[in-house]
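Trainee: Coordinates for the following, if possible.
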Amino acid sequence: MKLLTQFRIRIVVICIIFIALIPLSLYLSSQEKQKVYDKYLVQANEYYQEKYYNNALISYQKAIVTDSKKSDSYLKLAEIYILKNNLQNAELILKEGAKNVKDDDSIYLALGDLLSKQTRYDETLNAYLQIKNKEASTKIAITYYQLNQANQALTTLNELTENNYSEEYYYLKSLYFIFSDPQEALKILETGNFTNELSIKTSTLKTLLKNENSEYNKLLLSREIISQGFPSLATNTLQQITADNPQYRDAYLILGKAYFEVNSLNEAEIAWQKAIEIDPTSGETHFLLSQLYYAQNNFQNARIEAEKAFNLEPINYRFSSFLAKIYDKEQNCDLKIQTQEKTVNDLASWQDPQTLQENQIILINYYLNCNEITEAFSLAEKLNNSQNSLEKEKIIKDLYLWIKWLKEKDETLISLYQNYLQKFPNSASGHYHYGKILEEFGNLTESKKEIERAFELEELNNPI
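Mentor: Residues are numbered from 1 along each chain as shown. Okay, here's the model as predicted:
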């Protein structure tokens, strides 16, 4: 708590520096202003690249104070706040930039993207509509679709001239007809030339659109449209299917997913409860309902539904792993370890080493949380001795070294951690653990520096 308080104090100090620098810009000529601005921007970018985010924040703020009419520093400041999961400050700085910077669409674009990720689509639309560049039309159309205003989306796309047609244009235009006129949607998709991710999405849609226009195929299309990020487009069709066939379990299941994706949790719960009423043996529906209750922090109901899903399909690793996660929330050490051990044992027979390893890492952390150091070390040592990708090695090696320290309290861990941090200098948990080891040996100055660096890299949640 003391370290977190110190970290917050530093942020306050940054704000004070920002305010204190305001008079600076009043006394500089335009040429001097440009020179000073460039200096601060270069300095800030270097800090940013090295992930010294607090120092970067100060330098970007100095650049803004020097010249508030340039977009670069606002955008980078917002990026840092987003990295720190401080979306409120990111939004504030982008709105300030939008007020001060003229004839630059980049800030409104960043603001719209930020608001869209928070599913604040009305505000997203307002931001995108400020952009003069026609290339923003596809983002505006997407937002209209998210707001269930398909006619407005089509109008926006139709306002584009042929030289503005892009692969996104053909994809988005096809969505308007996906349920009302499948053949027209298919015709539009076959006109476009798609690459990368859109090639995969449109290929799936074309396959489904070539099938007969049956109720079942509409259900498959709805599921695909939801997975592609347009749940509102599927809602009307799914509601019609459930009205025509009120005992169609899968229609309610997918309708619940559509509601869940747009954060209409009450409607999602009603749909999934109806699916369970039709078929109480559907483990998937109980699992989805458990996730909904978990999102509402209703862990008791989440556990009840997850246990039902698990009892119905005990070898489904998704169900057992999620149930262990709920037991973890409830601080039930015995059950979370027992359930996660079953998950790992079940996955051992699968041909999916990545999922197995991810669940083994979760199990190691559960062992640590419950002070079962011997079991944690045994599994961490096993993973550490196996072949790992660089990304996984960063996580596993840190876990192994930290548990080895907890088990042995050996001074050699200092040099081992130094070697680790040379290879992975941006490991937040690595710096945190190294700092805690230095603290044990009384090196408080270096310990404080390492732990502050950990917070600089990432605001740690429940550090090990």
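
Trainee: And the strands in this structure?
Mentor: Counting by DSSP state E, one finds no strands in the chain.

Trainee: Just want to check the distance between the spatially most central residue of it and residue 90.
Mentor: Closest residue to the average C-alpha location of the chain: residue 117 at 8.9 Å, with Cα atoms, centre = their mean. Counting by Cβ to Cβ, to the nearest Å, the gap from residue 117 to residue 90 is 10 Å. The way it works is simple: take the backbone N, C-alpha and C, and place the C-beta from them, glycine included.

Trainee: got a list of what the residue nearest to the centre of the chain touches?
Mentor: Listed by Cβ atoms under 8 Å, 6 or more residues apart in numbering, the contact set of residue 117 is empty.

Trainee: any idea how far it is from residue 86?
Mentor: 14 Å.

Trainee: Tell me, how many residues neighbour residue 163?
Mentor: Neighbourhood size, residue 163 [other Cβ atoms under 10 Å]: 6.

Trainee: Let the chain start at 25 from now.
Mentor: Yep, numbering from 25; the last one is residue 187 now.

Trainee: wait, what's in contact with it?
Mentor: No contacts exist for residue 187 under Cβ under 8 Å, 6+ apart.

Trainee: residue ranges with poor pLDDT in the protein?
Mentor: Counting by pLDDT under 70, the chain shows low-confidence ranges at 25-53, 483-488.

Trainee: 50 - rerun?
Mentor: 25-31, 33, 36-37, 40-41, 43-46, 48-50, 484-488 (pLDDT under 50).

Trainee: I am assuming residue 346 contacts residue 331, so please confirm or correct that.
Mentor: No - using Cβ atoms under 8 Å, residue 346 makes no contact with residue 331, being 10.6 Å away.

Trainee: When the two are compared, which one has more neighbours?
Mentor: residue 346 (22 against 18).

Trainee: Now the more buried one: closest residue in space, sequence neighbours ignored.
Mentor: Leaving aside its sequence neighbours, residue 346 sits nearest to residue 330 (Cβ to Cβ, 6 or more residues apart in numbering; 5.7 Å).

Trainee: count of residues packed around that neighbour?
Mentor: 29.

Trainee: close enough to count as contact, it and residue 348?
Mentor: No - contact criterion Cβ under 8 Å: residue 330 and residue 348 do not qualify, at 9.2 Å.

Trainee: List of residues touching stretch 436-447?
Mentor: Applying Cβ under 8 Å, 6+ apart, the external contacts of stretch 436-447 come out as 421-422, 425, 428-429, 451, 454-455, 457-458, 461-462, 465.

Trainee: what would these look like in a markdown table with neighbour count and distance to residue 269?
Mentor: Listed next are the contacts of stretch 436-447 as a markdown table, based on neighbours: other Cβ atoms under 10 Å; distance: Cβ to Cβ, whole Å:
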| residue | neighbour count | distance to residue 269 |
| --- | --- | --- |
| 421 | 22 | 54 |
| 422 | 25 | 53 |
| 425 | 21 | 58 |
| 428 | 19 | 59 |
| 429 | 21 | 60 |
| 451 | 22 | 53 |
| 454 | 25 | 55 |
| 455 | 26 | 57 |
| 457 | 27 | 56 |
| 458 | 28 | 61 |
| 461 | 22 | 63 |
| 462 | 20 | 66 |
| 465 | 12 | 69 |
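
Trainee: what would those residues look like in JSON lines with distance to residue 354?
Mentor: Putting those into JSON lines (distance: Cβ to Cβ, whole Å) gives the following:
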{"residue": "421", "distance to residue 354": "31"}
{"residue": "422", "distance to residue 354": "27"}
{"residue": "425", "distance to residue 354": "30"}
{"residue": "428", "distance to residue 354": "30"}
{"residue": "429", "distance to residue 354": "29"}
{"residue": "451", "distance to residue 354": "30"}
{"residue": "454", "distance to residue 354": "30"}
{"residue": "455", "distance to residue 354": "31"}
{"residue": "457", "distance to residue 354": "27"}
{"residue": "458", "distance to residue 354": "32"}
{"residue": "461", "distance to residue 354": "31"}
{"residue": "462", "distance to residue 354": "35"}
{"residue": "465", "distance to residue 354": "37"}
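
Trainee: Nearest to residue 215 among these?
Mentor: Relative to residue 215, the closest of the contacts of stretch 436-447 is residue 451; by Cβ to Cβ it sits at 48.5 Å.

Trainee: ok, back up a step: so which of the contacts of stretch 436-447 comes closest to residue 85?
Mentor: residue 455 (24.8 Å).

Trainee: what about the nearest residue to the closest one once chain neighbours are set aside, distance to residue 450?
Mentor: In space, residue 455 comes closest to residue 478 once its chain neighbours are excluded; the distance is 4.1 Å by Cβ to Cβ, 6+ apart. Plainly put, residue 478 is 10 Å away from residue 450 if you go by Cβ to Cβ.

Trainee: Then residue 352?
Mentor: Taking Cβ to Cβ, one finds residue 352 at 27 Å from residue 450.

Trainee: Look at those two and report which has more neighbours.
Mentor: Neighbour tally, residue 352 and residue 450, criterion other Cβ under 10 Å: the higher count belongs to residue 352, 21 against 14.

Trainee: any idea how far stretch 253-265 is from the chain center?
Mentor: Remark: stretch 253-265 is offset 24 Å from the chain centroid, using Cα atoms, centre = their mean, to the nearest Å.

Trainee: Hmm, I typed the wrong one, I wanted stretch 257-269.
Mentor: The answer for stretch 257-269 is 30 Å, by Cα atoms, centre = their mean.

Trainee: quick one, helices of the stretch 25-174 of the chain?
Mentor: For the stretch 25-174 of the chain, the helices defined by DSSP state H, counting those that start in this stretch occupy 26-44, 54-73, 77-90, 96-107, 111-124, 130-141, 145-152, 161-170, 174-182.

Trainee: Looking at these, spot the one closest to residue 367.
Mentor: Closest among these, using Cβ to Cβ: helix 130-141, at 30.3 Å.

Trainee: Give the buried residues for the closest one.
Mentor: Buried positions in helix 130-141, judged by neighbour count with 16 or more other Cβ atoms under 10 Å: 130-140.
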